[in-house]
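J.: Predicted model and sequence follow; I will ask about them next.
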Amino acid sequence: MTSTPVSEPFPRRAQIAVPSRASIAYLAAGVLAIAVYYLIPADEQDVWYVVIGLSSVASVALGARRMENARLAWYLFAAGLSTSVIADAISGYYEIVLNRQPPVPSTTDGFYLATYPFLFGGIYLLLRERGAIRTRVAGLDALIVAVAAGTVQWVFFVEPNLHAQGSAVARGVEMAYPTFDLFLFIALVELVLSVGGRVVSYQLLVFGVLFWVIGDEIYGLSVDNYVVGGWVDSLWLGSYVLWGAAALDPSARMRVYRDRREVPRLTTARLVLLAGALLTSPAVILVEHFWRHHSPHPKAVAIGAAVVAVLVVSRFAGLVRAVEGARAAERSANQRLRELDRLKDEFVSTVSHELRTPLMSISGYVDLAREHADAESRTYLEIVERNAGRLLALVNDLLFVARIQSGALELELAEADLGELVGESVSSAQPHAATNGVELNLRLAGGATGVHVDRRRIGQVVDNLVSNAIKFSPEGGEVNLTVGAAEGFVRFEVSDHGIGIPEAERDRLFERFFRSSTALDRQISGTGLGLYISKAIVQAHGGRISASPAPGGGSSFLVELPARA
């Protein structure tokens, strides 16, 4: 699955999750108007029905006028609702003046059927702007919905009209309604999957279309029992009200951005859609047998089930291919990353080697120059020597990291006493600690502290941990060092009461070049290599190193090495 960039992010949910006052007011007025509809006489109901429809048309047209994006789509909705209201008015004329229902076919049917193309056009424009109709997968999903819903429409609505009494034109009109409702339902599903759940205006629009389709379907199933003022009217009236509220909400004026995904994901909603499509044919058989008591339509149901099954398998096959392609791309990318990482380490190693030679030369010549320099020049040379030493230490660290990465870390193991090693490091660090106003406290906890280690490398670990503790401790603080033995390990712990390490960053402390946010905020110098090198050395000795918060604040580092047998 690939992604396509977009120019701007989708509006935040917090900005579009609540209907505006205008929408709420119109919805409240609409609910009240529908309640009034059921309280007034039959003739007045026909007029009131048209009034509610006209208010919806006016609201949609007003909302469309204020829009900068998708204005044409909402104008098409207004036009479609207008033709429906005209049909309502003609139907009301038949019922009030002529005291009978409109014949089929009639002008009323012409206006009702003319409504659908406008609604299709408006939804199509919204979907196109959203990007929901650009992909093969989206088209496949729409086709699955069309076949499943088409099976229902054919069995319950279209096929019965093929054998009904009346003229061919009348039967054609009766079959046109469920056919148009099928297309409207497909558009509704695409609207839900693309934008319906994210913007208030589109949520209202989705419910408006849903009420319309449900009303038509219920009417089609019980057309012989329909009476004006029945409960089915509330669905059509509710659709009018929801359409008007959707247009009045400010979120309808927001730009509907294209989907960031080139291929729609197989979300929960799409899985439900596919499962529903597969279950449609069995459901049709059960409804026919237990509710409608009709003879089953084996050919239609079998064809519909077979086509849906093939399409769903095709959909999952495409998903599997996409996943396999993504995995192949991931493997290729990982291989390229490993190669780049190797080249980077090789480059660092080469550059470090090239830098080490001139730095050592600089240090040597500085020593010679100091022998013949006056007091002022000697001060300058000390600064040069100090900075050259820092740079040489960094180069040595980089070379050591390169050896670690290449697996070329070699140890010169010998018997040693860890207590003595730590004591030597503390003695060496005393001048640095005194300069920073930090007190070093060493405590031997007891037990044999003999180890089989590379003295120079373990000394490097101790020096690094002690140096860090001093560096991150405030003036007047103290650093506590403890050496002891427990459970077959010799333990060395250094604790400070310094700035500490955020808990969220503790797991990354031993990564290459990682520096904690507290160190960066205080602009404390460092390269982020010391702890990485320390961990590599300790692990090479079969030991372990860990970090934890120190009691009372600060940090504590614990090194455990296998005790000498």
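T.: Perfect, thanks for sending it. Numbering: from 1, shown residues only.
J.: Confirm residue 441 sits in a strand?
T.: Yes - assessed with DSSP: H, G, I helix; E, B strand; the rest coil, residue 441 lies in a strand.
J.: State the number of residues packed around it.
T.: 11 (other CB atoms under 10 Å). For every residue, glycine as well, the C-beta is placed using N, CA and C.
J.: go on, residue 536?
T.: Residues near residue 536, counting by other CB under 10 Å, number 20.
J.: Contacts made by stretch 480-487 with the rest, please.
T.: Stretch 480-487 is contacted by residues 418-419, 422, 426, 440-449, 466, 490-496, 563 when judged by CB atoms under 8 Å, 6 or more residues apart in numbering.
J.: Could you give me the buried positions within it?
T.: For stretch 480-487, the neighbour count (16 or more other CB atoms under 10 Å) marks 480-485 as buried.
J.: Over to stretch 553-561?
T.: Those would be 554-561, for stretch 553-561 by 16+ other CB under 10 Å.
J.: Only C-alpha atoms, please: export that stretch in CSV.
T.: Presented in CSV, the C-alpha positions along stretch 553-561 are these (Å, rounded to 0.1, in the frame of the first residue of the first chain):
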residue,chain,number,x,y,z
GLY,A,553,17.0,12.3,42.9
GLY,A,554,19.7,11.9,40.3
SER,A,555,20.9,8.7,38.6
SER,A,556,22.4,5.4,39.6
PHE,A,557,24.5,3.1,37.3
LEU,A,558,25.2,-0.5,38.3
VAL,A,559,27.9,-2.7,36.7
GLU,A,560,27.9,-6.4,37.5
LEU,A,561,30.9,-8.6,36.4
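J.: Which residues are in contact with residue 229?
T.: Each residue near residue 229 by CB under 8 Å, 6+ apart is listed here: 37-38, 42, 45.
J.: Does it belong to a helix, a strand or coil?
T.: Per three-state DSSP, residue 229 ends up coil.
J.: And stretch 316-325, what's buried?
T.: Using 16+ other CB under 10 Å as the test for burial, stretch 316-325 gives 319, 322.
J.: how about stretch 29-49: buried residues?
T.: Neighbour-count burial for stretch 29-49 flags 30, 33-34, 37, 45-46, 48-49 (criterion: 16+ other CB under 10 Å).
J.: if I look at residue 248, how far off is residue 65?
T.: Relative to residue 65, residue 248 is positioned 11 Å away (CB to CB, to the nearest Å).
J.: between those two, who's got more neighbours?
T.: Taking other CB under 10 Å, residue 248 and residue 65 do not tie; residue 248 has more neighbours (24 against 12).
J.: can you pull the pLDDT of that one?
T.: Note on residue 248: pLDDT of 90.
J.: mind listing which of the buried residues of stretch 553-561 are in strands?
T.: 555-561 (DSSP state E).
J.: any idea of the mean pLDDT in stretch 166-177?
T.: 82.
J.: and that stretch, how far out from the chain's middle?
T.: Centre-to-centre, stretch 166-177 and its host chain are 49 Å apart (CA atoms, centre = their mean, to the nearest Å).
J.: Now do the buried residues in it.
T.: In stretch 166-177, counting by 16+ other CB under 10 Å, buried: 170-171, 173-177.
J.: now swap in stretch 431-445 and tell me
T.: Buried, per 16+ other CB under 10 Å, within stretch 431-445: 433, 438, 440, 442.
J.: of all the buried residues of stretch 166-177, which comes closest to residue 307?
T.: Using CB to CB, residue 175 comes nearest to residue 307 of the buried residues of stretch 166-177, at 20.3 Å.
J.: quick one: secondary structure of that closest one?
T.: Classification of residue 175 by three-state DSSP places it in helix.
J.: returning to that earlier point: would you point out the most distant pair within the buried residues of stretch 553-561?
T.: Among these, the pair separated by the greatest distance (CB to CB) is 554 and 561, at 23.4 Å.
J.: Count the neighbours of residue 410 for me.
T.: Counted with other CB under 10 Å, residue 410 comes out at 8.
J.: neighbours around residue 329, how many?
T.: 11.
J.: Am I right that it is in a helix?
T.: Yes - counting by three-state DSSP, residue 329 is found in a helix.
J.: Next, work out how far apart it and residue 545 are.
T.: Taking CB to CB, one finds residue 329 at 37 Å from residue 545.
J.: got the domain boundaries for this protein?
T.: Per automatic domain parsing, the structural domains of the chain span 14-136+187-256, 414-562.
J.: on that earlier part again, keep only those of the contacts of stretch 480-487 that are in strands.
T.: 440-446, 490-496.
J.: Check those against residue 112 and report the nearest one.
T.: Nearest to residue 112 out of those is residue 496 (CB to CB; 81.5 Å).
J.: how close does that closest one sit to residue 449?
T.: From residue 496 to residue 449 the distance is 22 Å (CB to CB).
J.: Of these two, give the one with the bigger neighbour count.
T.: Set side by side, residue 496 and residue 449 show more neighbours around residue 496, with 26 against 23, by other CB under 10 Å.
J.: what's near enough to touch the more buried one?
T.: By CB under 8 Å, 6+ apart, the contact set of residue 496 is 469-470, 472-473, 477-480, 550, 554-556.
J.: returning to that earlier point: dump the domains of the chain into CSV; add distance to residue 148 as well.
T.: Output for these, formatted as CSV (distance: least, CB to CB, whole Å):
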stretch, distance to residue 148
domain 14-136+187-256, 10
domain 414-562, 48
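J.: one step back: quick check: of the buried residues of stretch 29-49, which lies closest to residue 225?
T.: Using CB to CB, residue 45 comes nearest to residue 225 of the buried residues of stretch 29-49, at 17.7 Å.
J.: quick one: what helix or strand has that closest one in it?
T.: Taking DSSP states H and E as the definition, one finds residue 45 inside helix 42-65.
J.: got the CA coordinates for that helix in PDB?
T.: Extracted in PDB, the C-alpha atoms of helix 42-65 (Å, rounded to 0.1, in the frame of the first residue of the first chain):
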ATOM      1  CA  ALA A  42     -54.700  15.100   6.900                       C
ATOM      2  CA  ASP A  43     -55.200  17.900   4.300                       C
ATOM      3  CA  GLU A  44     -53.000  20.200   6.300                       C
ATOM      4  CA  GLN A  45     -50.400  17.500   6.600                       C
ATOM      5  CA  ASP A  46     -49.800  17.600   2.800                       C
ATOM      6  CA  VAL A  47     -49.200  21.300   3.000                       C
ATOM      7  CA  TRP A  48     -47.000  21.100   6.100                       C
ATOM      8  CA  TYR A  49     -45.000  18.300   4.400                       C
ATOM      9  CA  VAL A  50     -44.200  20.600   1.500                       C
ATOM     10  CA  VAL A  51     -43.300  23.400   3.900                       C
ATOM     11  CA  ILE A  52     -40.700  21.200   5.700                       C
ATOM     12  CA  GLY A  53     -39.300  20.200   2.300                       C
ATOM     13  CA  LEU A  54     -39.000  23.900   1.200                       C
ATOM     14  CA  SER A  55     -37.200  24.800   4.400                       C
ATOM     15  CA  SER A  56     -34.700  22.100   3.600                       C
ATOM     16  CA  VAL A  57     -34.200  23.300   0.000                       C
ATOM     17  CA  ALA A  58     -33.700  26.900   1.300                       C
ATOM     18  CA  SER A  59     -31.200  25.800   4.000                       C
ATOM     19  CA  VAL A  60     -29.200  23.700   1.500                       C
ATOM     20  CA  ALA A  61     -29.100  26.600  -1.000                       C
ATOM     21  CA  LEU A  62     -28.100  29.100   1.700                       C
ATOM     22  CA  GLY A  63     -25.400  26.800   3.000                       C
ATOM     23  CA  ALA A  64     -24.100  26.200  -0.600                       C
ATOM     24  CA  ARG A  65     -23.900  29.900  -1.200                       C
END
